[in-house]
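Undergrad: Need coordinates for the below:
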Amino acid sequence: MEIDPNKDYYVEPVEIEVYLKKAGKVRTVVKDLYIELIPEKPTGDISREIFDFFTKRDEPIDLLEVENNFPHLYNPIYSSYYHIHELYETCSKHFKQGMAGSAQSWRMSLYLTELLLKYEPTAASKIIGNFNAYNLNYLIIKLNKLKEPFLLEDSTVAYLIKRRNIAYADKPRDKEFDKLIELWEHNVKEKFL
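TA: Purely as a prediction, here's the structure:
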């Protein structure tokens, strides 16, 4: 599997059982599955304005800050997220603490973002764009740069794999990547048996 140093990745450890014929033993080795992070693109003019606003500031897209800086979006945001608004408030607090230097807050932001992805899509996200996918990439890159260890939920890893595969649908298959995906999927299924 070829890794491009100019691209950003999430690295998922994949356990592989190897039979050592001469020793007559099975060993477990861990191989890294590099999942390229596919940048999220804005979906329209309003979305582009929001994405540009936060990208220029090198910040994750904070829904509370969207409400503050784009007040015309308050009603669609509130009607889409009123039942989970407290989670966005907590996430906003962790974003601010992360920007102030707390690596643990970046990690907490990541785990909250994983949870918030499960509530999408909404009417507001159709206007704003897939800001949670943007944030997921942002937070993975941030934690990678800080060399902070973290692991994602299996459903989030599957989401990243799906995004990567859609982006690479017209390109030649990477057989090693596909094999590691197959082994990872097998391991996930085995957890629940």
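Undergrad: in the protein, what spans have low per-residue confidence?
TA: Applying pLDDT under 70 to the chain flags the ranges 1, 193.
Undergrad: Mind jotting down where the helices sit in it?
TA: For the chain, the helices defined by DSSP state H cover 45-56, 63-69, 74-81, 85-99, 103-117, 123-128, 131-145, 154-167, 175-191.
Undergrad: Next, the angle from the fourth one to helix 74-81.
TA: Here the directions of helix 85-99 and helix 74-81 differ by 110 degrees (axes from the mean of the first three to the mean of the last three C-alpha atoms, to 10 degrees).
Undergrad: And stretch 25-41, what's buried?
TA: 33, 34, 35, 36, 37, 38, 40 (16 or more other C-beta atoms under 10 Å). Heads up, the C-betas are built off the backbone N, CA and C, glycines and all.
Undergrad: now do stretch 70-87
TA: 70, 73, 76, 77, 80, 81, 84, 87.
Undergrad: what sits against residue 135?
TA: Residue 135 makes contacts with 60, 61, 109, 113, as judged by C-beta atoms under 8 Å, 6 or more residues apart in numbering.
Undergrad: before we move on, what about residue 121?
TA: By C-beta under 8 Å, 6+ apart, residue 121 lies in contact with residue 130.
Undergrad: Surely residue 167 and residue 37 touch.
TA: No: the pair residue 167 and residue 37 does not pass the contact test of C-beta atoms under 8 Å, sitting 10.0 Å apart.
Undergrad: Can you name the residues in contact with stretch 179-193?
TA: The contact list for stretch 179-193 (C-beta under 8 Å, 6+ apart) reads 1, 12, 14, 15, 16, 31, 33, 154, 157, 158, 161.
Undergrad: among these, which two are most distant?
TA: 1 and 154 (20.1 Å; C-beta to C-beta).
Undergrad: ok so, going back, out of the buried residues of stretch 70-87, which comes closest to residue 8?
TA: For the buried residues of stretch 70-87, the residue nearest residue 8 by C-beta to C-beta is residue 87; the value is 25.5 Å.
Undergrad: before we move on, the earlier item: is it possible to get JSON lines of the contacts of residue 135 that adds neighbour count and distance to residue 24?
TA: Conversion of the contacts of residue 135 to JSON lines gives the following (neighbours: other C-beta atoms under 10 Å; distance: C-beta to C-beta, whole Å):
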{"residue": "60", "neighbour count": "27", "distance to residue 24": "51"}
{"residue": "61", "neighbour count": "22", "distance to residue 24": "55"}
{"residue": "109", "neighbour count": "28", "distance to residue 24": "48"}
{"residue": "113", "neighbour count": "25", "distance to residue 24": "46"}
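Undergrad: Brilliant, that's me finished.
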